[in-house]
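K.L.:
quick one: sequence plus predicted model below, questions after.
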Amino acid sequence: MYKKIILLAITALFSLTAYSQNEPARAVGYVYTDAATLPLFGKVSEGTSARYERLPASLEGKIRKGLWDLGRNSAGLYVRFRSDAPALRARWTSLNSHYMNHMCPTGDRGIDVYVRVGNEWRFLRSGRPSKGATTDTEIISDMEPMMREYMVYLSLYDGVTSLEVAVPEGYVVDQPEVLSPVVRKPVVMYGTSILQGGCVTRPGMVYTSIISRRLDREVINLGFSGNAKLDEEIAYWMASVEDPGVFVLDNAPNCTAKLIGEKGEKFFRILRDAHPNVPIIFVEQTPYSYADFDMKTRKDLDDKVAVQRALFKKLKADGEKLIWYIPAKGMVGDDGDAFVDGCHMTDVGAIRYADLVTPVIRKALKKNK
């Protein structure tokens, strides 16, 4: 009996230790607000299996498992609120406790907090993930108490199953008063791991979010690492957006020239048939840094560019007017500093990409007021 009591005590202690590692206690003196009560943006619709996911529940089992799993990543999603508090904390649980050896953990499964200053969004601080599934961390303290608007970007390569915002007792977390970014006529971007956010240092630096802040317009991130292969189901999901401002297709890095030739026009037609008056932008294959030296890679990229350009010319010849083509020349500079591993972008690469693409999106949006 004595041994049994000792065993139970040890088991309880072990369980308590494991719990404290994976489920950190809430900070004393803080009031936690479930972000499920706050507005969430960056999604096509609410028809997902869980709140912080990107693909509809109806596609589970109907698309490739790899694609479905990536749809559970929270890339591009952001929560909006306002608070008068002098300090902020955040508590979130990651879906997979994901890790990649070429991406900063804050970008992979951390969060980013921005604050509105005047008419612009300014980076405040990132939430660095802990080793366990759940992180409870201070974002900032010792601010002057005053009402401010906040935006929290969620993890890029992991999912988020829950999120809470915490402020000291006596202060409020409330619904946003300023509607920014504007949600009318969102920009819908489809692409690869690069568009999903590989491999920027934090969620606010993925170029879809940079573009969103520059345009003050909601941008929906439909980047699927290694899986932007022109699946018709994704085209129909994009087409389900009720009133899109513009579609941006940046899928070439995951496609072969043959695949673009076989599926590129069909994917385009699904979007065009659903939205005859919505501009569609094609982005040319990203110019990998090592392609200047790797001759096989150089040929593959050249072949894809040739097919991309041929498709665009055909569409123009068929009478399409609301289409744009962005060449890769000058996209990310020629110094190689735009890349982590030769193809996935650093923060520098994401900024350069946004510099090139944003003016074209802005021009296209003017055609769809």
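P.N.:
Alright, I've got the coordinates. Just so it is clear, the structure is predicted and the values come from calculations on it, not from any experiment.
K.L.:
excluding chain neighbours, what is closest to Glu265?
P.N.:
In space, and not counting its chain neighbours, Glu265 is closest to Leu311: 6.1 Å by Cβ to Cβ, 6 or more residues apart in numbering. C-beta here means a position set from N, CA and C on the backbone, and glycine is covered the same way.
K.L.:
and the helix or strand where that neighbour lies, C-alpha only, in PDB?
P.N.:
According to DSSP states H and E, Leu311 maps onto helix 295-317. This file holds the C-alpha atoms of helix 295-317, laid out as PDB (Å, rounded to 0.1, in the frame of the first residue of the first chain):
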ATOM      1  CA  MET A 295      22.500  24.300 -65.600                       C
ATOM      2  CA  LYS A 296      19.700  21.800 -65.000                       C
ATOM      3  CA  THR A 297      17.800  24.200 -62.800                       C
ATOM      4  CA  ARG A 298      18.500  27.000 -65.300                       C
ATOM      5  CA  LYS A 299      16.900  24.900 -68.100                       C
ATOM      6  CA  ASP A 300      13.900  24.000 -65.900                       C
ATOM      7  CA  LEU A 301      13.200  27.600 -65.100                       C
ATOM      8  CA  ASP A 302      13.600  28.800 -68.700                       C
ATOM      9  CA  ASP A 303      11.200  26.100 -69.800                       C
ATOM     10  CA  LYS A 304       8.600  27.200 -67.300                       C
ATOM     11  CA  VAL A 305       9.000  30.800 -68.200                       C
ATOM     12  CA  ALA A 306       8.500  30.000 -71.900                       C
ATOM     13  CA  VAL A 307       5.300  28.100 -71.200                       C
ATOM     14  CA  GLN A 308       4.000  30.800 -68.800                       C
ATOM     15  CA  ARG A 309       4.600  33.500 -71.400                       C
ATOM     16  CA  ALA A 310       3.000  31.400 -74.100                       C
ATOM     17  CA  LEU A 311      -0.100  30.900 -72.000                       C
ATOM     18  CA  PHE A 312      -0.400  34.600 -71.300                       C
ATOM     19  CA  LYS A 313       0.000  35.500 -75.000                       C
ATOM     20  CA  LYS A 314      -2.700  33.000 -75.900                       C
ATOM     21  CA  LEU A 315      -5.100  34.500 -73.300                       C
ATOM     22  CA  LYS A 316      -4.400  37.900 -74.700                       C
ATOM     23  CA  ALA A 317      -5.000  36.700 -78.200                       C
END
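K.L.:
what's in contact with it?
P.N.:
252, 255-257, 260-261, 264-265, 268, 282, 284-285, 287-288, 290-292, 323, 325, 328 (Cβ atoms under 8 Å, 6 or more residues apart in numbering).
K.L.:
now, of those residues, which are buried?
P.N.:
Using 16 or more other Cβ atoms under 10 Å as the burial test, these include 252, 255, 257, 260-261, 264-265, 268, 282, 284-285, 287-288, 291, 323, 325, 328 as buried.
K.L.:
give me the subset of those residues lying in helices.
P.N.:
If you go by DSSP state H, these have Ala257, Ile260, Gly261, Gly264, Glu265, Phe268 in helices.
K.L.:
of those, which is the nearest to Arg213?
P.N.:
Closest approach between those and Arg213, by Cβ to Cβ: Phe268, at 28.2 Å.
K.L.:
quick one, what contacts the closest one?
P.N.:
Leu249, Ile280, Leu311, Leu315.
K.L.:
ok so, going back, just the ones in helices among the buried ones among the contacts of helix 295-317 now: which is nearest Ile351?
P.N.:
Ile260 (27.3 Å).
K.L.:
quick one, what contacts the closest one?
P.N.:
Taking Cβ under 8 Å, 6+ apart as the test, what Ile260 contacts is Leu230, Ala252, Lys304, Val307, Gln308, Leu311.
K.L.:
buried stuff in stretch 357-369?
P.N.:
Result for stretch 357-369 [16+ other Cβ under 10 Å]: buried residues Val357, Thr358, Val360, Ile361, Ala364, Leu365.
K.L.:
which one of the ones in helices among the buried ones among the contacts of helix 295-317 sits closest to Val219?
P.N.:
Of all these, Val219 sits closest to Phe268, with 19.9 Å by Cβ to Cβ.
K.L.:
and that closest one, what pLDDT?
P.N.:
As predicted, Phe268 sits at a pLDDT of 98.
K.L.:
any stretches of this protein with poor pLDDT?
P.N.:
1-22 (pLDDT under 70).
K.L.:
switch to 80 and redo it
P.N.:
Scanning the chain for pLDDT under 80 picks out 1-24.
K.L.:
what about the helices in it?
P.N.:
2-22, 65-71, 105-109, 193-196, 207-215, 232-239, 257-274, 295-317, 347-365.
K.L.:
got the angle for the fifth one vs helix 347-365?
P.N.:
Yep, that's helix 207-215 we're talking about. Taking axes from the mean of the first three to the mean of the last three Cα atoms, to 10 degrees, helix 207-215 and helix 347-365 form an angle of 50 degrees between their directions.
K.L.:
can I get the CA coordinates of helix 207-215 in CSV?
P.N.:
What follows is helix 207-215, C-alpha atoms only, in CSV (Å, rounded to 0.1, in the frame of the first residue of the first chain):
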residue,chain,number,x,y,z
TYR,A,207,5.0,39.4,-48.5
THR,A,208,1.3,38.9,-48.6
SER,A,209,1.2,40.7,-45.3
ILE,A,210,3.6,43.4,-46.4
ILE,A,211,1.4,44.0,-49.5
SER,A,212,-1.7,44.1,-47.3
ARG,A,213,-0.3,46.8,-45.1
ARG,A,214,0.9,48.8,-48.1
LEU,A,215,-2.4,48.7,-49.8
